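K.L.:
Could you look at this predicted model? Sequence included:
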Amino acid sequence: MPSRISDCLRANPVYIHHKQLDLNLVKGLPDSHAWTNLQDDYPSVYLCTVETVPVVDLDDKKVLDLVGHACKTWGVFQVRNHGISKILLDEIESTGKRLFSLPMHQKLKASRSPDGISGYGLARISSFFPKIMWSEGFTIIGSPVEHAHQLWPQDCTKFCDVIQEYEKEMKKLARKLILLILGSLGLTEEDVKWAGPEGAFEGGSAALQFNSYPVCPEPDRAMGLAAHTDSTILTILHQNNTSGLQVLRDGNGWVTVPPLPGALVVNIGDLLHILSNGLYPSVLHRVIVNRTQYRLSIAYLYGPQSTVKVSPLHKLIDQGHPPLYGTVTWSEYLGTKAKYFDKALSSIRIYAPLNGFGDTDDHKGVTAG
Ligand SMILES: C=C1C[C@]23C[C@H]1CC[C@H]2[C@@]12CCC[C@@](C)(C(=O)O1)[C@H]2[C@@H]3C(=O)O
Ligand SMILES: O=C(O)CCC(=O)C(=O)O
Ligand SMILES: [Fe+2]
């Protein structure tokens, strides 16, 4: 198995056969972008959901309880008092806007190739869907310099500086959030073997994903970003002031995560679901688009060092709670995701009978290698 996520993504190329249209120039909704009616999946609750995604103030004295409750019941929450300055959030947002408002021929110079890692293009998961999503993406793993130079041959210093500063701050926040989440499970970083002697998660790796959702002539039949879970430990998302992100709430349909000025959205990824031995769900989410307002989001997708072995944490396992998953590295898991997409988690699930009875679904009897 390759040792870096970039090598792993290269080893698991995704072939996206769709052509990138300039969505800003398209007048009607082309058939290639027409999904079946989105309200069909959860018709009755779609319009009248009352539950709201939890908001956690990181300075709250009860922060551990709040984080634990949000992770367990939702797998997603918004954070306030996260320590990222408004200036930096504004800067990363205008950087994204500047990027996507470049002419199409310029953006295409920085295209992500099928076996590529960074660059401009449709979301990696596009290969799993027959229709094209109403969005554009720009992925950065490692140094942004090469692609930035293709976009702005004259001077890309500002772009690279902002990215670097944002990634530095996000890494600190990701570490802080992981410690809180471990705390909410009654654990410390000592319980996580791979945290390393230098302090937790020093070697963690990440992807920065810019997502752009132009206004859409027929939003009810278009899909901004199809439903997926992130293959991360956690993802920290900044959205501009346009709503569109929705999370699936069991039994309650799609719930919108409203943009709150200054707040960031945190969602649990598949690897944290594994670490927590299934206690914290990785939340299914999607993005819908609208007729009048431009939407932009910047996701910081955080995982452990790519070769570190991830498995359910020992302290969460006892006779009544057998391990539900085997061991995977982030690298291996991204390969599994590239192959099985929404079946990736269940493909590595161990068949673990509870009290002598098998649980109902979600087990395929496959153990991780
Ligand atoms: C480190 C990551 C995480 C990736 C793959 C790789 C680089 C790009 C990430 C995303 C970003 C957009 C949604 C997603 C679902 C996609 O299509 O590309 C993510 C995916 C995942 O979470 O699986
Ligand atoms: O645009 C959004 O709000 C969500 C983006 C997302 O889910 C992702 O980049 O993984
Ligand atoms: Fe996501």
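P.N.:
Nice, thanks for sending it over. Numbers count the residues shown, from 1 in each chain. Ligands and ions are numbered 1, 2, ... in the order given.
K.L.:
Every contact and neighbour count from this point should use C-alpha atoms.
P.N.:
Fine.
K.L.:
mind listing what the helix or strand hosting residue 78 pairs with, with the direction of each?
P.N.:
In this structure, residue 78 is located in strand 76-80 according to DSSP states H and E. Paired neighbours of strand 76-80 in the sheet (DSSP bridges): strand 55-57 (parallel), strand 264-268 (antiparallel).
K.L.:
any idea which helix or strand comes after the longest one?
P.N.:
What it means is strand 264-268. helix 270-275.
K.L.:
quick one: low-confidence ranges for the stretch 151-300 of the chain?
P.N.:
Applying pLDDT under 70 to the stretch 151-300 of the chain picks out residues 193-203.
K.L.:
can you rerun that using 90?
P.N.:
Along the stretch 151-300 of the chain, the model assigns pLDDT under 90 to residues 188-205, 250-253.
K.L.:
Name the residues of the helix or strand that comes right after the strand holding residue 78 that are buried.
P.N.:
Remark: after strand 76-80, the chain's next helix or strand is helix 86-100, criterion DSSP H and E. By neighbour count on 16 or more other C-alpha atoms under 10 Å, the buried set for helix 86-100 is 89, 91, 92, 93, 95, 96, 97, 99, 100.
K.L.:
now swap in stretch 218-232 and tell me
P.N.:
Applying 16+ other C-alpha under 10 Å to stretch 218-232 flags 218-232 as buried.
K.L.:
Among the residues you listed, which ones are in strands?
P.N.:
Those of these mapping onto strands are 225, 226, 227, 228, per DSSP state E.
K.L.:
can you narrow the residues you listed to ones near ligand 2?
P.N.:
For ligand 2, no contacts are drawn from these by C-alpha under 6 Å from any ligand atom.
K.L.:
of those, closest to ligand 1?
P.N.:
Distance to ligand 1, by C-alpha to the nearest ligand atom, is smallest for residue 228 among these, at 6.0 Å.
K.L.:
which residues touch that closest one?
P.N.:
Listed by C-alpha atoms under 8 Å, 6 or more residues apart in numbering, the contact partners of residue 228 are 284, 285, 286, 342.
K.L.:
how deep is the third one tucked in, by neighbour count?
P.N.:
It refers to residue 286. 19 (other C-alpha atoms under 10 Å).
K.L.:
Report whether it is found in a strand, as I expect.
P.N.:
Yes. Residue 286: assigned to a strand according to DSSP: H, G, I helix; E, B strand; the rest coil.
K.L.:
so it touches residue 222, yeah?
P.N.:
No. Using C-alpha atoms under 8 Å, residue 286 is not in contact with residue 222; the gap is 11.8 Å.
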